[in-house]
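Engineer: Let's see this in three dimensions:
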Amino acid sequence: METFTAKKFDIPKLAGISEKNIEEHLKLYAGYVKNTNLIFNKISELRSDPEKNAYILGELQRRLGFEFDGMRNHEYYFAHLSGGKKEINTKGELYKKIEKEWGTFENFLSHFKFVAATRGIGWTILYFDKISDKLIISWVDEHHLGQLTGLSPLLCLDMWEHAYVYDYPTSEKKKYVEAFFANLNWMTVEENYKKVI
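Structural biologist: Predicted coordinates for the structure are as follows:
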């Protein structure tokens, strides 16, 4: 039987993102972990008679992607805010790769932030595609709609309102994006890259 445990994060006091918002957001993350476990356990219980439980199993399988990706996306996100702000290593492989693909690091940041300003709820994710050896920025609706198959997430920015609702109105979400980058531990992004290249 599959079981997942909510991870602990070492998130210091942040500039522009309140402790209240982080506290409430972590509760939401814990809910995704709980629901992922509930779904896996229920599927395990019902799969002994798939014909009898076909409808329920089908709906659980559909819901699994939402809860599981909600759990995992948040684990990337909170890791990025853990351990204190750390600048990207300008001599490192990720920085070089970003400059190769976008011309400058500033061009990359500008485009990532532009995607983050997409209307609606979702995630802005920087992926690495090992097959094409490319970095790809993408918008993901909800948690599971729009994930790019076979690609590895390196940088995940939560753009659901719950990520900033205690600090900014929805009309000022760009301020939240700036606050996220002001607190970002780039070492976590670089470690994600090193694991997949």
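Engineer: so who does the spatially most central residue of the chain touch?
Structural biologist: In the chain, the residue lying closest to the centroid (CA atoms, centre = their mean) is residue 73, at 3.1 Å. With contact set as CB atoms under 8 Å, 6 or more residues apart in numbering, residue 73 has these partners: 123, 125, 140, 143, 153, 156, 158. All C-beta spots, glycine's among them, are computed from the backbone N, C-alpha and C.
Engineer: One more: residue 57?
Structural biologist: Residue 57 neighbours (CB under 8 Å, 6+ apart): 43, 46, 47, 50.
Engineer: mind checking how far the third one is from residue 53?
Structural biologist: To tie it back to what came earlier, the one meant is residue 47. Counting by CB to CB, to the nearest Å, the gap from residue 47 to residue 53 is 7 Å.
Engineer: One more: residue 118?
Structural biologist: 38 Å.
Engineer: can you check residue 131 too?
Structural biologist: 37 Å.
Engineer: same question, residue 185
Structural biologist: 44 Å.
Engineer: roughly how far is stretch 15-33 from the heart of the chain?
Structural biologist: Counting by CA atoms, centre = their mean, to the nearest Å, stretch 15-33 is centred 13 Å from the centre of its parent chain.
Engineer: hmm, back to that, next one: the residue nearest to the centre of the chain, what pLDDT does it get?
Structural biologist: Residue 73 is assigned a pLDDT of 98 by the prediction.
Engineer: likewise residue 2?
Structural biologist: 65.
Engineer: do the same with residue 15
Structural biologist: Reading off the model, residue 15 has pLDDT 98.
Engineer: For ChimeraX, write a command that selects the buried ones of the contacts of residue 57.
Structural biologist: A single ChimeraX command selects the buried members of those (16 or more other CB atoms under 10 Å):
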select :43
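Engineer: Just the closest of the contacts of residue 57 to residue 178, please.
Structural biologist: Using CB to CB, residue 43 comes nearest to residue 178 of the contacts of residue 57, at 41.2 Å.
Engineer: quick one: contacts for that closest one?
Structural biologist: Per CB under 8 Å, 6+ apart, neighbours of residue 43: 57, 60, 61, 64.
Engineer: quick check, it in a strand?
Structural biologist: No. Checked against DSSP: H, G, I helix; E, B strand; the rest coil, residue 43 lies outside a strand; its state is helix.
Engineer: separation between the residue lying farthest from the centre of the chain and residue 64?
Structural biologist: Farthest-out residue of the chain from its mean C-alpha position, per CA atoms, centre = their mean: residue 52, at 36.2 Å. Here residue 52 is placed at a distance of 20 Å from residue 64 (CB to CB).
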